[in-house]
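> A structural model of the following input is requested.
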Amino acid sequence: MRRAVLLTWPRLGRAQAARTMMLFRLVFGLLLLAGLVSFALYVATGQVVWRRRGIVIVKWTVIAALGFFAVLIVERLALMF
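Numbering: from 1, shown residues only. Just a heads-up that it's a prediction; the model follows:
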């Protein structure tokens, strides 16, 4: 009986996985910092465009983070079964 082959991801070594997680944390932190700077500029200048930019940056940062962690969870579940 042939075993069904699911989508397989290459296994990362510990060093490569640590670098990937560090890169994700760096990008995530910089995007949140950009949102914070946008909100600070809104408070300083009173221009609504800075508030809108801050909301968009934070919104897409959170969506990207949820997607990243969803991939991690699905990968772990695939290894369990």
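
> Tell me the buried residues in the helix or strand encompassing I73?
Element membership of I73, judged by DSSP states H and E, is helix 48-80. The neighbour-count check on helix 48-80 (16 or more other Cβ atoms under 10 Å) flags 50, 53-54, 57-58, 61 as buried. Every residue, glycine included, has its C-beta placed from N, CA and C.

> now for this protein, which residue lies nearest the mean position of the chain?
The centroid of the chain falls nearest to A65 when counting by Cα atoms, centre = their mean (3.0 Å).

> separation between the closest residue to it other than its chain neighbours and V48?
If the residues on either side of it in the chain are set aside, A65 comes closest to F28, at 6.0 Å by Cβ to Cβ, 6 or more residues apart in numbering. For F28, the distance to V48 equals 26 Å [Cβ to Cβ, to the nearest Å].

> again, but for E75
As defined by Cβ to Cβ, E75 lies at a distance of 41 Å from V48.

> And for R14?
From R14 to V48 the distance is 47 Å (Cβ to Cβ).

> on contacts alone, who are the packing partners of the helix holding I73?
helix 14-45 (3 or more Cβ pairs under 8 Å, 6 or more residues apart in numbering; DSSP states H and E).

> quick check: mean pLDDT across the helix it packs on?
Computed over helix 14-45, the mean pLDDT rounds to 90.

> list the contacts for A64?
Taking Cβ atoms under 8 Å, 6 or more residues apart in numbering as the criterion, A64 is in contact with 28, 31.
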